[in-house]
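Asker: could you look at this predicted model? Sequence included:
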Amino acid sequence: MIPTILKAGGRVLVKAKVDKILVNEKTMKVEGVVMEKSGLKIHAPLVISAASIMATCSLIPKPILEKMEIRKILTEKEAKQGMCHVIVFVGFRGSSKELNLPSHNVWVLPCDKSCNVGDMCENYYKDPVNAPQLAFIGFPSAKDPKYEEKHPNKSTCCIITESKYEWFEEWKNERIRHRSEAYQALKDQFSGRLLDTLFSLYPHLKDKVDYVDVSTPLSSEFYLGAPQGSSYGLAPSVKRYSGGMDYLRPSTEVDGFFLTGQDVITCGIAGGIMSGILSSFAATGYPTFMDMLTKRNLFEDMLMMEERKKKKQKEREGGERKREKKRQRERESEKERDRVEREIENKYPFLLVVGLMVRDKEKAGVFSISVLYKKRKRKAEMEGEKRREKVRNEKEEETKIAKTSSLPSLLPFALILPTSGTTSSPKLVPLTHQSLSLSISRLSPTLSLSSSSDHVLNMMPLYHIHGLIVNILVPLCEGVGVTCCHILDFQQIVREVIGRGEGEKVEEGEGEEEGHKKGRKKGGKERVTFYSASPPIHMGLLEETEKYFLEEEREEGGNRRKEWPIRLIRNCSAALLPDLATKMETIHGAVVLPTYAMS
Ligand SMILES: Cc1cc2nc3c(=O)[nH]c(=O)nc-3n(C[C@H](O)[C@H](O)[C@H](O)COP(=O)(O)OP(=O)(O)OC[C@H]3O[C@@H](n4cnc5c(N)ncnc54)[C@H](O)[C@@H]3O)c2cc1C
C-alpha cells in the first residue's frame, strides 16, 4: 500500500500522532491537522480520520464537536469497546520447513463432550486463570514464502487468547515495559498456559524456543492506538446494526472532513476495507444521481484513469521519439549550415559581416543600420597561433561589448529585421550570420555576377532584406561594386547613374566576357548591369527609361538604347505581372528574373 501512495506522489508519516483536527468554526470547513509532538500544522482541504471513533472525537475541538452528531457516541450506553486479546509471540531457531510448521491456523477450543463453545467461553471469562483457555495458533513465518529469504533459519508463532481490558486496567497508568511485578505475573500466567497448549500440539518446538514476548490489551492501547486495547473497535450491538447509531457514517457536518475505519461499518479487516471504499466515494462526491443513472462509479473511473495514464505515457514516449528525430534533423542541418558557412568563408576570406549597430533603440521598429565590413586577413595569415590569438581577442572584445553595451542580447545576431507582417503581426526577426551566409551562397549562383564586368544598382531601402542581400551582400561577396541610391529620383537614376557618361567613349574589350557583353566601362567608370527591385520601382524606372530613349530618337544618331548597360533585372518582394516583365525585357534589353521572397 505504501509504495502505491508514494508512487502517486503521496507521503506516509509513521509515529506521527495527530493532536487536533483544524476546523474553521465560522464556515465549518476542515483546514488540516496539528501534530502532537512538533505542533506542526499540516493544512489540507480534505481530512479523513481512520482512527477509532472515540479517538477521532477527542481530536475535534469541543465547540465543533458539539455541532456534530458523532458527539452522541460519547454518551451512548451501548457504545462499548469490543473484545481484547492476550498474544504470545514466539521465535524459534530453525526454518519453518525444518520445524515442519503448518501454514494453516489452529483453533484450540477445549470444551467438554457437549462441545458447547458458548459455555466454554462463559467459564473462561469467569475464571481466565484456571478455566480451560481457548487459543488461536498461527505460524506467520510458514505463511510468508519470502520469510526464509529475509530471516534465514528463523521462524515465528503467535498464540492468541481472548481477554478483557478490565483484567489489566489497574496497571494502565504505569510506564510501558516498566510495569509492576503483579502485571508481569499475570502476563506469565497467561503465556505459560498458552505455551503449554502449543507444546502439547508441537512438542518438538519446546527446545527450539529462542524468544518469547507477551502483549496485553494495554500493549494494544499503547502500540496500536486502540481505545481500551480493543482489537475490533466498537463492540457489535443490536442498536449499532439496526440504525440506532446512524451517525456512524463517512460524511460529517464538517465540510471536507470524513470518517473511515471499522467503527464506521463493522469490525474486522473486511469492515475496515468496506468503510474505506464508502469513505472514498463520499470524499470524491460519488455517486451523484447522474452517476447512478449512467452506472458510473469510482472504481471504473479509476480504472479508466489508469488506462488514460498508460495511453498518455505511451504518447509521451512517442512524442519523445519524435522530438529526438527532430533534434537529430536539427543537428544535421546545423552541420550542413556550418559546412556552407565554411565554404563561404573559404570562398570569400576577405569579408566578414561583424555586426549590426542599432542607432536609435528608443524608436521601436525604426532601426538605422550599418553593417560593418571588416577586412579579413587571408586564410594563411589566420592560421596557427595568430589565428588563435585573433579568436581570443575577438572573444575578449565581445565580452567587453557585452559588459558595456545596453544591448548585449544582439551580439549573437548579425541583423534584426523589422517586418511589416504580411502574413501575421509585425515583428522583429533576428538573423544570424549563418542564415545570412546561407542566403548569400544560395542566391549568388543564380545571378552569376562577375567582378570584372558587373556593377549593381541598389534602389531598395537598406532595412529591407531583399535589397540588403541581393543588391549589397551578394555582389560584395563576389567582389562586384555597388551603387546605392539615396533618394528614388528615377530621372536622376536613369540619366546620371545608369546612363552615366553619355557621349563618353566605351573602352572596347574591357570586361567583355562571354555572357557579360553589356558589362562595359564607359570612360573608365562602372556601368550598372544588374539591379533587383520591387514592381513599383521597375515601373518608375521603366517609364523614365522610355522617356530617355525617346529623347534620343528625336535627337537622331544617339546611342542610348544601344549602349544601355543593364543585362539582368531581378524582381522580388511582390509578384511581377507578365505584361510588365515583357515590357521590361523589351525596353531594357535585359533578362528578367521574376521571383518572390528570398528563396
Ligand atoms: C491481534 C489481532 C488479531 C486480529 N485478527 C483479525 C483477523 O483475523 N481478521 C480480521 O478481520 N480482523 C482481525 N483483527 C482486527 C483488525 O486488525 C482490525 O479490525 C482492523 O485493523 C481495523 O482497521 P481500522 O483501519 O479500522 O483501524 P486500525 O487498524 O486500528 O487503524 C487505526 C489507526 O489509527 C491510528 N491512530 C489512532 N489515533 C491516532 C492519532 N491521534 N493520530 C494518528 N493516528 C492515530 C492508530 O495508531 C492506527 O494505526 C485483529 C486485531 C488484532 C489486534
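Answerer: Okay, I see it.

Asker: got any ranges where this structure has weak pLDDT?
Answerer: Low-confidence segments of the chain (pLDDT under 70): 337, 340-385, 387, 397-412, 421-423, 501-525, 555-557, 596-599.

Asker: mind naming the longest helix for it?
Answerer: Determined from DSSP state H, the single longest helix within the chain is helix 298-347.

Asker: three-state assignment of Thr161?
Answerer: strand (DSSP: H, G, I helix; E, B strand; the rest coil).

Asker: got the contact list for it?
Answerer: His85, Val86, Gln133, Leu134, Ala135, Phe136, Phe190, Leu194 (Cβ atoms under 8 Å, 6 or more residues apart in numbering). Placement of C-beta: from N, CA and C, glycine included.

Asker: so how far is the ligand from the residue nearest to the spatial centre of the chain?
Answerer: Central residue of the chain (Cα atoms, centre = their mean): Arg316, 10.7 Å from the mean position. Distance, Arg316 to the ligand, by Cβ to the nearest ligand atom, to the nearest Å: 37 Å.

Asker: separation between Tyr463 and Glu526?
Answerer: Distance, Tyr463 to Glu526, by Cβ to Cβ, to the nearest Å: 25 Å.

Asker: my error: substitute Ser280 in the last question.
Answerer: Here the criterion is Cβ to Cβ. By it, Ser280 lies 87 Å from Glu526.

Asker: kindly report the same for Ile21.
Answerer: Per Cβ to Cβ, Ile21 is found 92 Å from Glu526.

Asker: what's the answer for Pro445, then?
Answerer: For Pro445, the distance to Glu526 equals 22 Å [Cβ to Cβ].

Asker: what do you get for Phe92?
Answerer: 109 Å.

Asker: okay, the helix or strand that Glu543 is a member of in CSV with CA atoms only?
Answerer: Glu543 belongs to helix 535-555 when assigned by DSSP states H and E. Output in CSV follows, covering the C-alpha atoms of helix 535-555 (Å, rounded to 0.1, in the frame of the first residue of the first chain):
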residue,chain,number,x,y,z
PRO,A,535,7.4,46.1,-59.2
PRO,A,536,6.7,49.8,-58.3
ILE,A,537,10.4,50.6,-58.7
HIS,A,538,10.5,48.7,-62.0
MET,A,539,7.6,50.7,-63.3
GLY,A,540,9.1,54.1,-62.2
LEU,A,541,12.4,53.2,-63.8
LEU,A,542,10.8,51.9,-67.0
GLU,A,543,8.8,55.0,-67.5
GLU,A,544,11.9,57.2,-67.1
THR,A,545,14.0,54.9,-69.4
GLU,A,546,11.4,55.1,-72.1
LYS,A,547,11.4,58.9,-72.0
TYR,A,548,15.2,58.9,-72.1
PHE,A,549,15.2,56.7,-75.2
LEU,A,550,12.5,58.8,-76.9
GLU,A,551,14.5,62.0,-76.4
GLU,A,552,17.4,60.3,-78.1
GLU,A,553,15.3,59.2,-81.0
ARG,A,554,14.2,62.8,-81.6
GLU,A,555,17.9,63.9,-81.4
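
Asker: how far does it sit from its chain's centre?
Answerer: How far helix 535-555 lies from its chain's middle: 65 Å, per Cα atoms, centre = their mean, to the nearest Å.

Asker: next, the buried residues of it.
Answerer: Pro535, Ile537, His538, Met539, Gly540, Leu541, Leu542, Glu544, Thr545, Tyr548, Phe549, Glu552 (16 or more other Cβ atoms under 10 Å).

Asker: what's opposite Val214 in the beta bridge?
Answerer: Under DSSP bridges, the beta-bridge partners of Val214 are Val88.

Asker: need the contact list for it.
Answerer: Val86, Ile87, Val88, Phe89, Lys187, Asp188, Phe190, Ser191.

Asker: would JSON lines of the residues you listed with distance to Thr284 be doable?
Answerer: JSON lines is the format used below for the contacts of Val214 (distance: Cβ to Cβ, whole Å):
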{"residue": "Val86", "distance to Thr284": "41"}
{"residue": "Ile87", "distance to Thr284": "37"}
{"residue": "Val88", "distance to Thr284": "43"}
{"residue": "Phe89", "distance to Thr284": "39"}
{"residue": "Lys187", "distance to Thr284": "46"}
{"residue": "Asp188", "distance to Thr284": "50"}
{"residue": "Phe190", "distance to Thr284": "45"}
{"residue": "Ser191", "distance to Thr284": "46"}
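
Asker: where do the helices sit along the stretch 1-150 of the chain?
Answerer: For the stretch 1-150 of the chain, the helices defined by DSSP state H, counting those that start in this stretch cover 2-7, 53-59, 62-65, 117-126, 140-143, 147-150.

Asker: quick one: which of the ones you listed is nearest His433?
Answerer: Among those, the nearest to His433 by Cβ to Cβ is helix 2-7 (49.8 Å).

Asker: and that closest one, which residues are buried?
Answerer: Buried positions in helix 2-7, judged by neighbour count with 16+ other Cβ under 10 Å: none.

Asker: could you shift the numbering so residue one becomes 12, and keep it that way?
Answerer: Got it, first residue is 12 now, which makes that one helix 13-18.

Asker: put the alpha carbons of that helix into CSV.
Answerer: Extracted in CSV, the C-alpha atoms of helix 13-18 (Å, rounded to 0.1, in the frame of the first residue of the first chain):
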residue,chain,number,x,y,z
ILE,A,13,2.8,2.4,0.9
PRO,A,14,4.6,2.1,-2.5
THR,A,15,1.3,2.8,-4.2
ILE,A,16,0.8,6.0,-2.1
LEU,A,17,4.4,7.1,-2.8
LYS,A,18,4.0,6.4,-6.5
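
Asker: that helix near the ligand at all?
Answerer: No - for helix 13-18, no contact with the ligand is found by Cβ under 6 Å from any ligand atom; the gap never falls below 13.1 Å.

Asker: hmm, who's touching that helix?
Answerer: Arg22, Val23.

Asker: distance between it and the chain's centre?
Answerer: 21 Å.

Asker: and stretch 91-98, by the same measure?
Answerer: Per Cα atoms, centre = their mean, the centroid offset for stretch 91-98 relative to its chain is 51 Å.

Asker: is it anywhere near the ligand?
Answerer: Yes - using Cβ under 6 Å from any ligand atom, stretch 91-98 comes into contact with the ligand via His96, Ile98.

Asker: how about that stretch: buried residues?
Answerer: Buried residues in stretch 91-98 (16+ other Cβ under 10 Å): Gln92, Gly93, Met94, Cys95, His96, Val97, Ile98.

Asker: ends of it, how far apart?
Answerer: 22 Å (Cα to Cα, to the nearest Å).

Asker: my guess is Arg307 contacts Pro298, does it?
Answerer: Yes - using Cβ atoms under 8 Å, Arg307 makes contact with Pro298 at a distance of 7.3 Å.
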